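>>> Fold the stuff below for me.
(2 chains)
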There are 2 protein chains.
Amino acid sequence: MEGTVPDDFELMWGDLRPLGRSASSGGYFRQPFTSPERELVAWFLEQAEARGLRVESDDFGNIVAWWDTGSGPAVLTGSHLDSVLDGGAYDGPLGVVSALAAVDLMRSRGVVPSRPVGVSVFVEEEGSRFGLACLGSRLATGATSWETARELQDRDGVRLGDVVVGGSSSLLADVGTFVELHVEQGRDLVDRGAAIGVASEIWPHGRYRFDFTGSANHAGTTRMEDRQDPMLTYAMTALAANKQARLAGQRATFGRVAVEPNGTNAVPSRVTAWMDARCATDAGLSDLVEAVTRQATDRADRDGTTVEVTAESVSASVAFDSSLAAALAADHEGGDWPVIATQAGHDAGILSAAGIPTAMLFVRNPSGVSHSPAEHAEIADCLVGVSALADTLERLTR
Amino acid sequence: MEGTVPDDFELMWGDLRPLGRSASSGGYFRQPFTSPERELVAWFLEQAEARGLRVESDDFGNIVAWWDTGSGPAVLTGSHLDSVLDGGAYDGPLGVVSALAAVDLMRSRGVVPSRPVGVSVFVEEEGSRFGLACLGSRLATGATSWETARELQDRDGVRLGDVVVGGSSSLLADVGTFVELHVEQGRDLVDRGAAIGVASEIWPHGRYRFDFTGSANHAGTTRMEDRQDPMLTYAMTALAANKQARLAGQRATFGRVAVEPNGTNAVPSRVTAWMDARCATDAGLSDLVEAVTRQATDRADRDGTTVEVTAESVSASVAFDSSLAAALAADHEGGDWPVIATQAGHDAGILSAAGIPTAMLFVRNPSGVSHSPAEHAEIADCLVGVSALADTLERLTR
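Numbers count the residues shown, from 1 in each chain, chains lettered A, B, ... in the order given. I've put the predicted structure just below:
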């Protein structure tokens, strides 16, 4: 890799560190359209202006900062600025900051791209507020219609339609290629001893809401055999999902639960719980959800409760453009970059499914931990990531 | 039973019906020091005034409306006006309304008690806001000190000390006997074909907070075998508690849960859950909690998580004054009233433990359901309850 990365990556990274950070956990709460996330967006607009990039936004809150140079289909790079609840610093922002730093690096190298280069920020990638992951990219590509999305509600009952104007997006109209840089969320690169990798595919994955319904009653006076306690049905289902996924090398997680009335001395009337499930194949995902649903239903029969399962979002397998991945991974000093699969959803998956040739670069994560305050990447690896992204953009705009 | 109950029971009952009622569930949300509960208190003060009763309150919000008649140690009767979250109409208010109606009935019969009679309302009997059941009676008797209680917090972090002045109580100084009428919360009276029963004892019971701690991580990319997921430890503990209690004819319930960060796509870092446990004996309760704790700890070892158990409140067995119970139960037209145990805690238990001779009357509950919008008692049984309470007060003030 030619050239060096200016200090600006570390300066920008330092700018973002305090925004939306919990003093108690050290984790980040950057939910879309809340003030910490809006501060991040304001920061991004300042950075774009400082670089003379032209800002374009759509009716959903997605933003691209354009380096208007060359002609023909544009190359877009970027990620998201929102976080999960109590998340890490890297998931999302690393791709945005690295994209800005890569533009700086290309300019410092005197590169004049033959095509326009855009730095993108998609809103609500994590689905932590309105429940639908990759919301911004789904709306920008038309994968989800505004008519459907506007009715989504956050935990306080606020509708998406009350938060953004909504309408249409032409942000992606002239995009020929999309590249997203992201911190790795596992340890494949650690195992391979590589700082950078290229994505081959995203596992199919989905979010399923389980509504367990029973009968509220007094926790002291109601005999155990007279109860219809949905907590028991839920508890058994959470254990069954874990076992099912573990045996098959898949993933199933119950990380979110809401109980009614949620009183210490009352048998609950209802437990609502969300299962996040991911498998290597679409058929595997269907089988997993079906098996867990069957076990939940059997247990509900025994508990005198009922269970209803609703698929809130299901994303089919995404295979990224394999020739693009191979071309980007090859011919580097120090050897080819490994090409690896991921179980995490990304805006890149949505753009790829919409027919835009798309690639992802991963930056090594020493512990593999993500969606946690403990998420981390070494600064040296982040700087290698910036160089790798600049190199990639140069290849794509020669 | 001599005399008839005037219409005032049904009028009063109708007054209370809409206060704090959820339009969606039909259940009641009458948490202490919130506006629905304050409306109930305002209603009680109006009723006291209309009857010429002298109102006395203490620094904690407990109230007695005195019928200043006769002399010597007073006979107190009453209950509470707060509810569990999404609770029923009867638990608490039935005892207060029946007490007022019993005073009316005694007066309509021309009874002149030889001792003062008080109608009491104790605050926060359910512990639904500050977490400690029988809070008002504990403070009034000194079973819990104000120094301890003032630091209790509700779910929004509001301290009890910020809601009430606190200080001392002399409400019970001249009380010689306490009688609490309450809807039954089981079906013993149904099984015995009786509208009215007298309490023999309250089972020992307690609230135990289980803090399960693990490590937040990405729900998609983290292999099942690399997780420390506290949800699994919790789920197994909830099932174990149920099984343990079921096999021993005891009660154990996990009805309240809080998850962090409670995001769909994150393995939780922490699950906090509260166990309500009740047994026939103090030793049985200790054994139950110990057995559940042991199973939770064993599972935590396997899950790579930790569990910490905190007893937030434990109430030892209460045996009500047996000669008083026998005297109140005997010599009625239609036969003696049955004397039965209850698994539910009551202010009567706190007063009894403080050395005040205490009795409880139960009114038949056809389904046995309580702590639920479906809690019910037939109006005919409620009216029998009023007569029975008036008869009881007459016996005690002859």
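>>> buried stuff in the longest helix anywhere in chain A?
Under DSSP state H, the helix in chain A containing the largest number of residues is helix A:282-303. For helix A:282-303, the neighbour count (16 or more other CB atoms under 10 Å in any protein chain shown) marks A:284, A:285, A:288, A:289, A:291, A:292, A:293, A:295, A:296, A:299, A:300, A:303 as buried. C-betas here are computed from N, CA, C, even on glycine.
>>> quick one: contacts for the last one?
What it means is residue A:303. The contact partners of residue A:303, by CB atoms under 8 Å, 6 or more residues apart in numbering or on different chains, come to A:214, A:228, A:229, A:230, A:232, A:233.
>>> Count residues in the vicinity of residue A:204, would you?
Residue A:204 is flanked by 22 other residues according to other CB atoms under 10 Å in any protein chain shown.
>>> For chain B, see how far away it is.
Per CB to the nearest CB, to the nearest Å, residue A:204 is found 11 Å from chain B.
>>> In this structure that residue contacts residue A:313, no?
No. Counting by CB atoms under 8 Å, residue A:204 stays clear of residue A:313, with 11.5 Å between them.
>>> domain assignment for chain A?
Here the domain parsing of chain A from automatic domain parsing is A:8-203+A:317-396, A:205-315.
>>> how far does the longest one sit from the chain's center?
Distance of domain A:8-203+A:317-396 from the chain centroid (CA atoms, centre = their mean, to the nearest Å) equals 9 Å.
>>> Check the model's average confidence along it for me.
Domain A:8-203+A:317-396 shows a mean pLDDT of 96.
>>> got the end-to-end distance for that domain?
End-to-end distance for domain A:8-203+A:317-396, by CA to CA, to the nearest Å: 23 Å.
>>> now swap in stretch A:355-364 and tell me
This stretch, stretch A:355-364, spans 28 Å end to end (CA to CA).
>>> quick check, it touching chain B?
No. Counting by CB under 8 Å from any CB of the partner chain, chain B is not contacted by stretch A:355-364; separation bottoms out at 10.6 Å.
>>> Buried residues, that stretch. List them.
Applying 16+ other CB under 10 Å to stretch A:355-364 flags A:356, A:357, A:358, A:359, A:360, A:361, A:362, A:363, A:364 as buried.
>>> one step back: can I get the domains of chain A in JSON lines with distance to residue B:343?
Listed next are the domains of chain A as JSON lines, based on distance: least, CB to CB, whole Å:
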{"stretch": "domain A:8-203+A:317-396", "distance to residue B:343": "35"}
{"stretch": "domain A:205-315", "distance to residue B:343": "4"}
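>>> Who are the contact partners of the residue nearest to residue A:347 when sequence neighbours are not counted?
Spatial nearest neighbour of residue A:347, excluding adjacent residues (CB to CB, 6 or more residues apart in numbering or on different chains): residue A:137 at 3.9 Å. By CB under 8 Å, 6+ apart, residue A:137 lies in contact with A:62, A:122, A:125, A:143, A:347, A:350, A:351.
>>> go with 7 Å
Residues in contact with residue A:137, defined by CB atoms under 7 Å, 6 or more residues apart in numbering or on different chains, are A:122, A:347, A:350, A:351.
>>> what do you get for residue A:377?
Residue A:377 is in contact with A:90, A:94, A:183, A:363, A:364, A:365, counting by CB under 7 Å, 6+ apart.
>>> do that again at 6 Å, thanks
A:90, A:183, A:363, A:365 (CB atoms under 6 Å, 6 or more residues apart in numbering or on different chains).
>>> In strands, which of those fall?
Taking DSSP state E, the ones among these that sit in strands are A:183, A:363.
>>> ok, back up a step: do you know which of the domains of chain A lies nearest residue B:382?
domain A:205-315 (18.6 Å; CB to CB).
>>> Give me the distance between the two termini of the closest one.
Domain A:205-315: ends 5 Å apart by CA to CA.
>>> one step back: and the contacts of residue A:137 as CSV, adding distance to residue A:320 and neighbour count?
Below are these laid out as CSV (distance: CB to CB, whole Å; neighbours: other CB atoms under 10 Å in any protein chain shown):
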residue, distance to residue A:320, neighbour count
A:122, 17, 31
A:347, 13, 31
A:350, 12, 28
A:351, 10, 27
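>>> Which of these fall within strands?
Short answer: these in strands (DSSP E) are residue A:122.
>>> For burial, what's the neighbour tally of residue A:340?
20.
>>> got it, and residue A:78?
If you count neighbours by other CB under 10 Å, residue A:78 ends up with 28.
>>> what helix or strand does it sit in?
Residue A:78 is located in strand A:74-80, with elements delineated by DSSP states H and E.
>>> That strand pairs with which strands, and in what direction?
The strands beside strand A:74-80 in its sheet (DSSP bridges) come out as strand A:117-122 (parallel), strand A:175-183 (parallel).
>>> Mean neighbour count, those strands: which tops it?
Ranked by mean neighbour count, those are led by strand A:117-122 with a mean of 28 (mean count of other CB atoms under 10 Å in any protein chain shown).
>>> interface residues of the stretch 151-300 of chain A facing chain B?
Selection of the stretch 151-300 of chain A residues close to chain B by CB under 6 Å from any CB of the partner chain yields A:185-186, A:207, A:216-221, A:224, A:231-232, A:235, A:238-239, A:242, A:245-246, A:251, A:253-257, A:259, A:261-268, A:274, A:276, A:278.
>>> was I right about residue A:115 contacting residue A:68?
No. If you go by CB atoms under 6 Å, residue A:115 and residue A:68 don't touch, sitting 10.5 Å apart.
>>> out of these two, which sits in the more crowded spot?
Remark: of residue A:115 and residue A:68, residue A:115 carries more neighbours, 20 against 12, as counted by other CB under 10 Å.
>>> what residues are up against that one?
A:70, A:72, A:74, A:75, A:397.
>>> Same question for residue A:268.
Counting by CB under 6 Å, 6+ apart, residue A:268 touches A:230, A:231, A:259, B:255.
>>> Make JSON lines from these and add distance to residue B:32 to it.
Listed next are these as JSON lines, based on distance: CB to CB, whole Å:
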{"residue": "A:230", "distance to residue B:32": "27"}
{"residue": "A:231", "distance to residue B:32": "26"}
{"residue": "A:259", "distance to residue B:32": "21"}
{"residue": "B:255", "distance to residue B:32": "19"}
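>>> picking that back up, what strands line up against the helix or strand following the strand holding residue A:78, and which way round?
Using DSSP H and E, the helix or strand that follows strand A:74-80 in sequence is strand A:85-87. Applying DSSP bridges, strand A:85-87 is found paired with strand A:28-29 (antiparallel).
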